[in-house]
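S.K.: Quick one, what's the 3D model for this:
(one chain, ligands or ions: 1)
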Amino acid sequence: MKKFTRRNLIKGGAAAGVAAGTYSPLSRAALLVPTYRSSRKAVVIGSGFGGSVASLRLAEAGIPTMLIERGKHWVYQGEDSYPTVGGFIGDIDDGLLWKEPGPISGSTGMLEQYIGGSIPVGVGAGLGGGSLVYGGVLLQPPRELFEKVLPNISYDEMDSIYYPRLLSRVSGGKIPDDILNSPNYTSMRVFIENANLAGLDVVRSEVGFDWDVIRKEVQGEITPFASIGEYVLGCNSGAKKTLDRNYLADAQNTGNLEIMTLHNVVRVRKKIFSSRYEVHCDVVSEDGEVIAKRIIDCKYLFMAAGSIHTTRLLLKAKALGDIPTINEGVGQEWGTNGDELKARNNITASTGPVQGGPPAIAAFDFDNPVKPTGFMHSPNLVAGEYMQMQMGMCIPDQTSTASYNVVTDKINFNWSREDNEPSTSALNHTMDKMMNKGGGELLDVKALGTWHPLGGAAMGVACSDLGELYGTPNLFVVDGALIPGSSGAANPSLTIGANAERIMERLVAQLT
Ligand SMILES: Cc1cc2nc3c(=O)[nH]c(=O)nc-3n(C[C@H](O)[C@H](O)[C@H](O)COP(=O)(O)OP(=O)(O)OC[C@H]3O[C@@H](n4cnc5c(N)ncnc54)[C@H](O)[C@@H]3O)c2cc1C
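M.R.: Predicted coordinates for the structure are as follows:
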């Protein structure tokens, strides 16, 4: 079993210095750790799609900003930079997972499996957030589906300005023909053929990977990773365009952004007799132990900890009376993007001994009697030679409500699989069409839960269309929590990032 033990550098933040200066078993056990204080005009919590966009645009506008990230910086330094899926098969717990830091235990892996709600949720943890662990799919939702979930946001503007703006930094483009036609991409070609025969609308998606690097893999010039299905956990050929390598690097180059990795925000508060906010963090060692505290005071607070943790931190602030003005809309409109990972076994055509990635082909089914669906072919390392996985997505019929539990410090949702039966049947209908043409039978992989949590502080419900929390001035949400449960039958990161671009363009001019 491969163990991933390499220590990663912490770049840009003060965590390394804090860790080195304050370590002592006695102080850790007793939690008598030092507290550091900082002050900035703006603080951004979380460095995923929303947080990276907000950080760059604030820093470019000359606003002194601190970005707080609970995980570490996984610096790309060649083939040994990241864990691999193959290395974890059978031993998923071995350093891969993020576990809440504490006085004695915790873990700073790059993937959190959030258990506590009524469905397991996978989220990224580390500088770059979900871009570290995502499949790289940057799929634009079709207009009619986007307008169903976000009727107040102009699709024309997103299409012509904000989607391209996000893509210009993060995307490596669509899969080129020479790579699609190479042997390791047989499964993708089978998917295209089956989807076309089934009458679906097949599109090549923009993808957050550098195809020139993948071409070198395919041509045998460098060790293959993405092209053999190892593209999720970082991607050791360097092909993955994670946010730390574009948005955050550019933001740091302005000189106006300080990045604090290994800082886990435990509380956000409005200061008494002041309009300013305080962000309370546990400073964490790479082993996941709390080694210090930091309190940062700020005028503008940007929540970008992802749908789960932005919602949790806001509901916690409400429950503890830390921000009494948090409105009733927080916790509402939470959903899973209508996600279900679908596996199809015993397909008629061979999908090849190896399935190259990243996922690059989507198929939409608008001619579906239940509702439209979107599918993303998901090549992977564990699929057999006549097997495929597909991420199925649709607009759920109803969203759920998240509630905070002060004892567990977690949120739960009243999401239930039964309530989402129409989504299952819509997705199965599309799968049936593909199986009628390309063969195979459906395998149930629902237990994996969802990777697309959305909502909890949705625009129009908890926040304005500029992300400002109703009734709580200068507190902005800029991440997936803004999107009400669905990003229109497409993977969400492109829409989350582009929406943050839309918001920041309008906001920075107003921030004094
Ligand atoms: C395995 C997997 C594959 C995926 N594949 C795709 C894909 O191919 N395409 C796609 O569009 N989407 C994909 N997603 C979903 C995508 O990653 C998310 O939709 C997207 O990253 C959400 O962006 P965000 O800005 O809302 O939050 P995130 O990207 O999740 O960023 C939130 C950040 O906040 C940090 N944070 C959380 N809590 C705290 C705290 N208390 N203190 C400090 N920091 C905190 C986290 O560590 C994280 O870095 C995938 C997700 C997973 C798990």
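S.K.: Would you mind listing what in the stretch 1-150 of the chain touches the ligand?
M.R.: 45-51, 68-71, 122-125, 129-130, 133-137 (C-beta under 6 Å from any ligand atom). In short, each C-beta sits where N, CA and C put it, glycine included.
S.K.: Equivalent analysis for the chain, please.
M.R.: Within the chain, the positions adjacent to the ligand are 45-51, 68-71, 122-125, 129-130, 133-137, 232, 264-265, 304-307, 309, 451-452, 479-480, 491-494, 496 by C-beta under 6 Å from any ligand atom.
S.K.: from the residues of the stretch 1-150 of the chain next to the ligand, which ones fall inside helices?
M.R.: Under the assignment DSSP state H, those contribute 49-51 to helices.
S.K.: Most neighbours among those, which one is it?
M.R.: Gly50 (37 neighbours; other C-beta atoms under 10 Å).
S.K.: where does the closest residue to that one other than its chain neighbours land on pLDDT?
M.R.: Nearest residue to Gly50, sequence neighbours excluded (C-beta to C-beta, 6 or more residues apart in numbering): Asp479, at 3.1 Å. Note for Asp479: predicted pLDDT of 98.
S.K.: Next, count neighbours for Arg37.
M.R.: 10.
S.K.: If we ignore the residues flanking it in sequence, what's nearest it?
M.R.: Ile295 (5.3 Å).
S.K.: Kindly report the same for Ser205.
M.R.: Leu139 (4.4 Å).
S.K.: I'd say that neighbour and Met376 touch.
M.R.: Yes. Using C-beta atoms under 8 Å, Leu139 is in contact with Met376, at 6.7 Å.
S.K.: More neighbours: which of these two?
M.R.: Leu139 (27 against 23).
S.K.: For the helix or strand hosting Met504, which helices and strands make contact with it?
M.R.: Using DSSP states H and E, Met504 falls within helix 493-507. Contacts defined by 3 or more C-beta pairs under 8 Å, 6 or more residues apart in numbering; DSSP states H and E place helix 493-507 against helix 49-60, strand 137-138, helix 163-170.
S.K.: again, 7 Å this time
M.R.: Counting by 3 or more C-beta pairs under 7 Å, 6 or more residues apart in numbering; DSSP states H and E, the packing neighbours recorded for helix 493-507 are helix 49-60, helix 163-170.
S.K.: mind listing what's buried in that helix?
M.R.: Under the neighbour-count criterion of 16 or more other C-beta atoms under 10 Å, helix 493-507 has 493-504, 507 buried.
S.K.: Stretch 334-354 too?
M.R.: If you call a residue buried by 16+ other C-beta under 10 Å, then stretch 334-354 has these buried ones: 334-344, 347, 351-352, 354.
S.K.: Identify the farthest-apart pair in those.
M.R.: Using C-beta to C-beta, the buried residues of stretch 334-354 span at most 38.4 Å, a distance reached by Trp334 and Gly352.
S.K.: how about the strands in the stretch 201-350 of the chain?
M.R.: 201-204, 206-207, 257-260, 263-270, 277-284, 290-303, 340-347 (DSSP state E, counting those that start in this stretch).
S.K.: Pick the one among the buried residues of helix 493-507 closest to Lys299.
M.R.: Leu507 (13.1 Å).
S.K.: Secondary structure element for the nearest residue to the closest one once chain neighbours are set aside, which one?
M.R.: Closest residue to Leu507 apart from its sequence neighbours, by C-beta to C-beta, 6+ apart: Leu466 at 5.8 Å. Leu466 is part of no helix or strand when elements are defined by DSSP H and E.
S.K.: what's the neighbour count on Leu466?
M.R.: Neighbours of Leu466 (other C-beta under 10 Å): 16.
S.K.: Am I right that it is in contact with Glu505?
M.R.: No. With contact defined as C-beta atoms under 7 Å, Leu466 does not count as touching Glu505 (10.0 Å).
S.K.: is it true that Met158 lies in a helix?
M.R.: Yes. Assessed with DSSP: H, G, I helix; E, B strand; the rest coil, Met158 lies in a helix.
S.K.: surely it meets Ala498?
M.R.: Yes. Taking contacts as C-beta under 7 Å, Met158 lies within contact range of Ala498: 5.8 Å.
S.K.: Low-confidence bits of the stretch 401-512 of the chain, can you list those?
M.R.: Along the stretch 401-512 of the chain, no part satisfies pLDDT under 70.
S.K.: could you pull out the strands for it?
M.R.: 402-405, 410-413, 439-444, 475-477.
S.K.: Pipe those into JSON lines and attach mean neighbour count per row.
M.R.: Shown next, in JSON lines, are the strands of the stretch 401-512 of the chain (neighbours: other C-beta atoms under 10 Å):
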{"stretch": "strand 402-405", "mean neighbour count": "20"}
{"stretch": "strand 410-413", "mean neighbour count": "20"}
{"stretch": "strand 439-444", "mean neighbour count": "14"}
{"stretch": "strand 475-477", "mean neighbour count": "27"}
